[in-house]
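*Asks:* Got a predicted model here, sequence first, then my questions.
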Amino acid sequence: EAQVTQNPRYLITVTGKKLTVTCSQNMNHEYMSWYRQDPGLGLRQIYYSMNVEVTDKGDVPEGYKVSRKEKRNFPLILESPSPNQTSLYFCASSFPLGGLAPTSTDTQYFGPGTRLTVL
Amino acid sequence: AQSVTQLDSHVSVSEGTPVLLRCNYSSSYSPSLFWYVQHPNKGLQLLLKYTSAATLVKGINGFEAEFKKSETSFHLTKPSAHMSDAAEYFCVVTLRGWGKLQFGAGTQVVVTP
């Protein structure tokens, strides 16, 4: 089954304790991205990756890191989490129709979400 | 720059009555537009997308949306609401040729019997 998986689904942690949220897709998609969802703000993009070893900042990258060493995986790293990073996080992937930049006609496939609470 | 505004944060409808979710966008260039739905405790699912073909776009579950360039709108409609339509709906805009998405704040739909 084609899917995007995230782990863990739920996480409660304390300020300053490094954590990683994993994201994996089995569709051979080149484009992957991370979003956070907060009430009244919709989804905001944190980081995105156009291919292996190619990553760039989205709209709210502060406090986050990513890496893309394999096409299928795109982990989100919080080196020193803070309470303002309490949120619902979604990973997404898509397959570009052509060229290096993904076309906007591509459907983004979303993971089930990770609910993070930082105390 | 691009942005999207969903004009209603909450919409309440009775089962069997029409649903209208309003979305206005701004974009410097020709946009692509999407509607996504998020059911409680679920991820996001694509309902439909506009990508410069027909201005009236039909999606899944009986939803459709019309792209109106003159009004910079992309409103989502359904003729008859079903209880299973209760969810949060997001209007999304992106510049054609680039995968960065801009989400609206969302519209929560409540369907009453």
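*Replies:* Nice, I can see it.

*Asks:* Touching, A:Gly42 and B:Phe90? I think so.
*Replies:* Yes: here A:Gly42 reaches B:Phe90: they are 6.0 Å apart, a contact under CB atoms under 8 Å. For glycine as for every other residue, the C-beta is placed from the backbone atoms N, C-alpha and C.

*Asks:* Please identify which of the two sits among more neighbours.
*Replies:* B:Phe90 (25 against 21; other CB atoms under 10 Å in any protein chain shown).

*Asks:* Secondary structure element holding that one?
*Replies:* Assigning secondary structure by DSSP states H and E places B:Phe90 in strand B:87-95.

*Asks:* That strand pairs with which strands, parallel or anti?
*Replies:* Neighbouring strands of strand B:87-95 in its sheet, by DSSP bridges, are strand B:31-38 (antiparallel), strand B:102-103 (antiparallel), strand B:107-112 (antiparallel).

*Asks:* from the ones you listed, which stretch is densest packed?
*Replies:* Of all the strands paired with strand B:87-95, strand B:31-38 carries the top mean neighbour count, a mean of 24, counting by mean count of other CB atoms under 10 Å in any protein chain shown.

*Asks:* next one: that one to chain centre, how far?
*Replies:* 5 Å (CA atoms, centre = their mean, to the nearest Å).

*Asks:* list the contacts for the residue nearest the centre of chain B?
*Replies:* In chain B, the C-alpha nearest the mean C-alpha coordinate belongs to B:Trp35, at 3.5 Å (CA atoms, centre = their mean). Counting by CB atoms under 8 Å, 6 or more residues apart in numbering or on different chains, B:Trp35 makes contact with B:21, B:23, B:46-49, B:59, B:63, B:65, B:74, B:76, B:89-92.

*Asks:* swap the cut-off to 10 Å and go again
*Replies:* Contacts for B:Trp35 (CB atoms under 10 Å, 6 or more residues apart in numbering or on different chains) come out as B:21, B:23, B:45-50, B:57, B:59, B:63-65, B:74-76, B:89-92, B:104, B:107.

*Asks:* Give the bridge partners for it, please.
*Replies:* As for beta bridges, B:Trp35 partners with B:Leu48, B:Cys91 under DSSP bridges.

*Asks:* quick one: it from A:Glu30, how far?
*Replies:* B:Trp35 sits at a distance of 24 Å from A:Glu30 (criterion: CB to CB, to the nearest Å).

*Asks:* and if you look at B:Thr112?
*Replies:* Distance of B:Thr112 to A:Glu30, given as CB to CB: 44 Å.

*Asks:* and stretch A:25-33 with chain B, contact?
*Replies:* Yes: if you take CB under 10 Å from any CB of the partner chain as the test, stretch A:25-33 does meet chain B, through A:Glu30, A:Tyr31, A:Met32, A:Ser33.
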